[in-house]
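>>> Sequence first, predicted model second:
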Amino acid sequence: MLIRKIEKFLSSTGMPVTKFGRLAAQDPRLVGDLRNGREPRTAMVQRVEHFMNEFGGYVHAA
């Protein structure tokens, strides 16, 4: 589930949720909306996962 991956990323980087949303998807409300049940489309999931994978401070977790 995408929100779990995002929460781990935020925890490991200390990045604020609005900054993450802006950088990953040009949507500062992304994380709050996902926490409230928003279902992202496949393209959004791929974009956000790509951002997390390319971000230098991210610790990859299986």
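Now that the structure is in, tell me what you want to look at.

>>> Run the chain-centre distance for stretch 27-36.
Mean-position distance between stretch 27-36 and its chain equals 9 Å (Cα atoms, centre = their mean, to the nearest Å).

>>> From one end of it to the other, what's the distance?
15 Å (Cα to Cα, to the nearest Å).

>>> May I have the predicted confidence score for Gly56?
Among the per-residue scores, Gly56 shows a pLDDT of 72.

>>> Then Val17?
For Val17, pLDDT reads 98.

>>> ok, the nearest residue in space to it that is not next to it in sequence - contacts?
The shortest distance from Val17 to any non-neighbouring residue, by Cβ to Cβ, 6 or more residues apart in numbering, is to Val31 (4.0 Å). C-betas here are computed from N, CA, C, even on glycine. Counting by Cβ atoms under 8 Å, 6 or more residues apart in numbering, Val31 makes contact with 3, 6, 10, 17-18, 20-21.

>>> among these, which two are most distant?
Spanning the widest gap among the contacts of Val31 are Ile3 and Thr18, at 15.3 Å by Cβ to Cβ.

>>> Compare these two and say which one has the larger neighbour count.
The neighbour count for Ile3 versus Thr18, taken as other Cβ atoms under 10 Å, is higher for Ile3 (17 against 14).

>>> tell me which element Leu10 is part of?
Per DSSP states H and E, Leu10 falls inside helix 2-13.

>>> Next, the buried residues of that helix.
2-3, 6, 9-10, 13 (16 or more other Cβ atoms under 10 Å).

>>> ok, of these, which one's closest to Met52?
Of all those, Met52 sits closest to Phe9, with 5.0 Å by Cβ to Cβ.

>>> so what's the closest one scoring on pLDDT?
Confidence score, pLDDT, at Phe9: 95.

>>> quick one: it from Val17, how far?
11 Å (Cβ to Cβ, to the nearest Å).

>>> Poorly predicted segments of the protein, please.
The chain contains residues with pLDDT under 70 at 57-62.
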